[in-house]
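> Fold the following, please.
(chains A and B)
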There are 2 protein chains.
Amino acid sequence: MLGAIEAGGTKFVCAVGNEDGTLVERIQLDTLTPENTIPHVIEFFKNHKIEALGVGSFGPVDIDKNSVTYGNITSTPKPGWKDYPFLQTLKDALQVPMEFNTDVNAAALGEVMLGAAQDVDSCLYITVGTGIGAGAVIQGELLQGLSHPEMGHILVRRHADDAYEGFCPYHGDCLEGMAAGPAIEKRWGKKGVELQDKQEVWELESYYLAQALMQFILTVSPKKIIMGGGVMKQKQLFPLIQKKVQELLNGYVAVPQILENIDQYIVPPGLGDDAGITGALMLAKRALEK
Amino acid sequence: MLGAIEAGGTKFVCAVGNEDGTLVERIQLDTLTPENTIPHVIEFFKNHKIEALGVGSFGPVDIDKNSVTYGNITSTPKPGWKDYPFLQTLKDALQVPMEFNTDVNAAALGEVMLGAAQDVDSCLYITVGTGIGAGAVIQGELLQGLSHPEMGHILVRRHADDAYEGFCPYHGDCLEGMAAGPAIEKRWGKKGVELQDKQEVWELESYYLAQALMQFILTVSPKKIIMGGGVMKQKQLFPLIQKKVQELLNGYVAVPQILENIDQYIVPPGLGDDAGITGALMLAKRALEK
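Okay, the predicted model is just below:
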């Protein structure tokens, strides 16, 4: 049996499952302080006698295996989590092989191995929710360099009719600042889910998200783009984004995936809301194989 | 002996050299039509009895080894080169193992193996000249997905004081349209090399290039960024770009390479003008090893 954790800023999902991605049992916990949350996590996995564990975590996290702080959450406003030795605590308690990465890199891995990107060896997984984050698998490997990607914070061009200042504390009107869930709520005075029928909301939202996708396509050239998260439950966004990406690229990347079949190129997660936890399970599988 | 081609839109550099990167002999040819240029290329390599050949080419090119048009130049306004079976012609004539990639991916490989990025396993190589292109090595592998990167065409935010419309035929005021050599000349009425002392030229140029670097850092998180090409001979650009990248990121990517040692993070090519041809030689080395 393999173990998986999808550690989010508001909830922890812990699951056990098989190498084929089947999730056998899961629990969900509120993300309180580490002292309150982690003992329950450890107890769950001790009861299931797991052989390996995969962790997809909120961040920023240190995913450099050569670093002394590998597996730590590095900086977060959440009380108790800054510099918390997340992975080391789990290793000390459970004593099984583990792989640790970002939640979105885990989701990208899940989608490549078992979801909407099974037919290719590279994909981008973007979540648009209370924040915007992205992970990527490129030629089979999880994207990692100096740090993990932070694609949610790229710059976008402001729409001429949009006076909203953006809520990102670091960059103001970066992508996350302009297009994550809180930006929709602050700009329009209601949550996105209550604005479903307001065409202008989704026109503007897709204006920003399509810009971001253009940048990502030109930079990493993913073979599939998967968009999940709460905001992307508004399925009317997909055709708007697909059309705007084509218009922005303007024929420059002349491949059929973009010119002709963009509805199969920019898609929702094949694993639905389970992309992250399934990806974490696949991280456990990788840990066991190593 | 290994062979290397750096195929540019205006000149072809052909060289022979050793596995350690030493270039033994080289010739330079004008890029005319394939019928005029390629016979000279083939003759040069036949005279040197090479064991393998590496090609770094201008593009767009097809670098997908599973594609029927692998090694072709796919679309270019240069007469005779559109859909030209570049690699296949060389293979038929020379009958040695070959590796084919973009000129900028080759340069990135050269810099990781023998240049300014020898100490790391990932780098971005950006050339700013008549166009803007970038290649990348990530975790030791050349970046490739749906196609090769086309980072030169990402969108940038226009400076409030800049009325120049941009010259990119596809995107108007994308990065290349606003910051490649021709944009400088059209905006200021003189070539960059004649504007060396005009501070405002380089302030504006670094404004656009720093935005691009911010996007690349957040998206692929390279361990080093190498900037070459004609425009980057203006060495005064480096400190301007470094400072603006720090300001734009605003502490968000909290690693010492960016916060403290950015002058060693954004650097000129260690191989100078030989990054591309040396990288092509390293492609030949890879071809031989396979």
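> Could you find the closest non-adjacent residue to the residue nearest to the spatial centre of chain A?
With distances taken as C-alpha atoms, centre = their mean, A:Val104 lies nearest the centre of chain A, 2.6 Å away. With C-beta to C-beta, 6 or more residues apart in numbering or on different chains as the criterion, A:Val104 has its nearest non-adjacent residue at 3.4 Å, and that residue is A:Gly135. Where C-beta positions appear, they are placed from N, C-alpha and C, glycine not excepted.
> now swap in A:Gln242 and tell me
For A:Gln242, the closest residue by C-beta to C-beta, 6+ apart turns out to be A:Ile262, at 4.5 Å.
> cool, and A:Thr10?
Leaving aside its chain neighbours, A:Thr10 sits nearest to A:Thr31 (5.6 Å; criterion: C-beta to C-beta, 6+ apart).
> The one you found against A:Val13, yeah?
No: here A:Thr31 lies out of contact with A:Val13, judged by C-beta atoms under 8 Å, at a distance of 10.4 Å.
> Give me the more crowded residue out of these two.
More neighbours surround A:Val13 than the other of A:Thr31 and A:Val13, with 21 against 16 (other C-beta atoms under 10 Å in any protein chain shown).
> Is that one in contact with A:Asp30, as I believe?
No: judged on C-beta under 8 Å, A:Val13 makes no contact with A:Asp30 at a distance of 11.3 Å.
> Can you say which helix or strand has A:Gln118 in it?
Assessed by DSSP states H and E, A:Gln118 sits outside every helix and strand.
> What residues does the stretch 51-200 of chain A have near chain B?
A:60, A:74-75, A:122, A:138-139, A:141, A:143-151, A:153-158, A:170-171 (C-beta under 8 Å from any C-beta of the partner chain).
> Could I have the buried ones of these as ChimeraX selection syntax?
Listed next is the ChimeraX selection for buried residues among those, using 16 or more other C-beta atoms under 10 Å in any protein chain shown:
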select /A:60,74,122,138,143,144,145,146,147,148,149,150,151,153,154,155,156,158,171
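> circling back: neighbours of the residue nearest to A:Gln242, how many?
20.
> all strands of the stretch 1-150 of chain A, in order?
A:2-7, A:11-17, A:23-30, A:52-57, A:98-102, A:123-128, A:132-138, A:141-142 (DSSP state E, counting those that start in this stretch).
> got CSV for the ones you listed, with mean pLDDT too?
Below are these laid out as CSV (pLDDT from 0 to 100):
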stretch, mean pLDDT
strand A:2-7, 98
strand A:11-17, 97
strand A:23-30, 97
strand A:52-57, 98
strand A:98-102, 97
strand A:123-128, 98
strand A:132-138, 96
strand A:141-142, 94
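> want to throw those into a markdown table with distance to A:Asn250?
Below are those laid out as a markdown table (distance: least, C-beta to C-beta, whole Å):
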| stretch | distance to A:Asn250 |
| --- | --- |
| strand A:2-7 | 38 |
| strand A:11-17 | 41 |
| strand A:23-30 | 43 |
| strand A:52-57 | 36 |
| strand A:98-102 | 32 |
| strand A:123-128 | 21 |
| strand A:132-138 | 23 |
| strand A:141-142 | 31 |
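> Out of those, which gets nearest to A:Lys285?
Minimum separation from A:Lys285 across the strands of the stretch 1-150 of chain A (C-beta to C-beta) falls at strand A:2-7, 6.2 Å.
> Counting by contacts, list what that closest one packs against.
Judged by 3 or more C-beta pairs under 8 Å, 6 or more residues apart in numbering or on different chains; DSSP states H and E, strand A:2-7 is in contact with strand A:11-17, helix A:34-48, strand A:52-57, helix A:86-94, helix A:103-114, helix A:275-289.
> I'd like those laid out as JSON lines, including distance to B:Lys233.
Output for the helices and strands packed on strand A:2-7, formatted as JSON lines (distance: least, C-beta to C-beta, whole Å):
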{"stretch": "strand A:11-17", "distance to B:Lys233": "53"}
{"stretch": "helix A:34-48", "distance to B:Lys233": "52"}
{"stretch": "strand A:52-57", "distance to B:Lys233": "44"}
{"stretch": "helix A:86-94", "distance to B:Lys233": "46"}
{"stretch": "helix A:103-114", "distance to B:Lys233": "38"}
{"stretch": "helix A:275-289", "distance to B:Lys233": "45"}
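> still on that earlier bit, quick one, phi psi at the residue nearest to A:Gln242?
The phi/psi pair for A:Ile262 (degrees, to the nearest 10) reads phi -70, psi -20.
> wait, doesn't it sit right on A:Lys244?
No: assessed by C-beta under 8 Å, A:Ile262 is found out of contact with A:Lys244, at 10.4 Å.
> re the thing from before, quick one: contacts for the residue nearest to A:Thr10?
By C-beta atoms under 8 Å, 6 or more residues apart in numbering or on different chains, the contact list for A:Thr31 reads A:Ala7, A:Gly8, A:Gly9, A:Thr10, A:Lys11, A:Phe12, A:Thr37, A:Lys78.
> Compute the number of surrounding residues for A:Asp20.
A:Asp20 has 9 neighbouring residues, counting by other C-beta under 10 Å.
> nope, A:Leu87 is what I was after
Number of residues near A:Leu87 (other C-beta under 10 Å) recorded here: 22.
> gap between it and A:Asp197?
45 Å (C-beta to C-beta, to the nearest Å).
> residues in contact with the helix or strand A:Ala183 falls within?
Using DSSP H and E, A:Ala183 sits in helix A:181-188. Taking contacts as C-beta under 8 Å, 6+ apart, the residues outside helix A:181-188 that touch it are A:128-130, A:162, A:164, A:166-167, A:176-177, A:191-192, A:195, A:198, A:201, A:204-205, A:230-231.
> before we move on, what about stretch A:191-204?
By C-beta under 8 Å, 6+ apart, the surrounding residues in contact with stretch A:191-204 are A:159, A:161-162, A:181, A:184-185, A:187-188, A:205, A:230-231, A:233-234, A:236-237, A:240.
> one more time with 10 Å
With C-beta atoms under 10 Å, 6 or more residues apart in numbering or on different chains as the test, stretch A:191-204 has contacts from A:128-129, A:159, A:161-162, A:164, A:178-179, A:181-185, A:187-190, A:205, A:209, A:230-237, A:239-241, A:244.
> Buried members of the residues you listed into PyMOL, please.
Burial among the contacts of stretch A:191-204 is assessed by 16+ other C-beta under 10 Å; the matching PyMOL selection reads:
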select buried, chain A and resi 128+129+164+178+179+181+182+183+184+185+187+188+205+209+230+231+232+234+237+240+241+244
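> Helices - which of the contacts of stretch A:191-204 land there?
A:178-179, A:181-185, A:187-188, A:205, A:209, A:237, A:239-241, A:244 (DSSP state H).
> now for these, which pair is the farthest apart?
A:Pro182 and A:Pro239 (24.6 Å).
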